[in-house]
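Asks: Sharing a model that was predicted from the sequence below.
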Amino acid sequence: MKAVLRKQSDRDWFLLVMGINVGLRIGDLLQLRVRDVRNKSHIINTERKTGKRRRFPINSELREIINQYTKGMKDGDPLFKSYRTKQNIGRVQAYRILNRAAAEVGLAEIGTHTLRKTFGYHFYKKYKDVALLQQIFNHSAPSIAMRYIGINQDIIDEAVGGFHL
């Protein structure tokens, strides 16, 4: 999907890269402006859904990508500017962008939450720390975090797939 989106536009590619690296809800991601991420070590925002304040680190690789992407942009510019309205794109447009790219590479069931879930899935696979993931996502229980990223189904598939009598 990265390659497909890269050919399409820098904005669309950056939407995917940013989304899978920070784990923000799409509504919070789409509200960002250049000043929120340029030359920053953390993204600090108040989640629209929960009203909770969140501080999320920007890794060095993403920081470099942000610097390249925002070169020439003004601090007040929307991070994901619509070509038509010059405001940030909306959820529906983000969904269309992701779905077109997914269809092109043969993926189904892609939604706006896919970016956040992808972050969570790979974070869990690397660190196996569901309590930390729960905290990152502001979920009320570890089981909710696991169900959200689809790990429970993977565990069931693996266990039952190798089980026989």
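Replies: Nice, thanks for sending it over.

Asks: drop to CA atoms for contacts and neighbour counts, all remaining ones
Replies: OK.

Asks: Backbone torsions only: list them for the nearest residue to His42 once chain neighbours are set aside.
Replies: Closest residue to His42 apart from its sequence neighbours, by CA to CA, 6 or more residues apart in numbering: Pro57 at 4.1 Å. With angles defined as degrees, to the nearest 10, Pro57 sits at phi -70, psi 150.

Asks: contacting residues for Pro57?
Replies: Contact analysis of Pro57 by CA atoms under 8 Å, 6 or more residues apart in numbering lists 22, 41-43.

Asks: Ile43 belongs to a helix?
Replies: No. Read with DSSP: H, G, I helix; E, B strand; the rest coil, Ile43 is strand and lies in no helix.

Asks: Find me the pLDDT at it, would you?
Replies: Each residue has a pLDDT score; the one for Ile43 is 96.

Asks: Dig out what it forms beta bridges with.
Replies: Phe56 (DSSP bridges).

Asks: can you count the residues close to it?
Replies: Using other CA atoms under 10 Å, Ile43 has 17 other residues around it.

Asks: wait, isn't it in contact with Val37?
Replies: Yes. Counting by CA atoms under 8 Å, Ile43 sits close enough to Val37 to count as a contact (6.2 Å).

Asks: and stretch 114-124, how far out from the chain's middle?
Replies: Between the centre of stretch 114-124 and the centre of its host chain there is 7 Å, according to CA atoms, centre = their mean, to the nearest Å.

Asks: in that stretch, what counts as buried?
Replies: Across stretch 114-124, burial judged by 16 or more other CA atoms under 10 Å covers 114-121, 123-124.

Asks: Dump it to CSV, restricted to CA.
Replies: Extracted C-alpha coordinates of stretch 114-124, given in CSV (Å, rounded to 0.1, in the frame of the first residue of the first chain):
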residue,chain,number,x,y,z
THR,A,114,-7.0,0.1,10.1
LEU,A,115,-4.0,2.5,10.6
ARG,A,116,-4.5,2.5,14.4
LYS,A,117,-5.1,-1.2,14.5
THR,A,118,-2.0,-1.8,12.4
PHE,A,119,0.1,0.2,14.8
GLY,A,120,-1.4,-1.8,17.7
TYR,A,121,-1.0,-5.2,16.1
HIS,A,122,2.7,-4.7,15.3
PHE,A,123,3.4,-3.0,18.7
TYR,A,124,2.0,-6.0,20.4
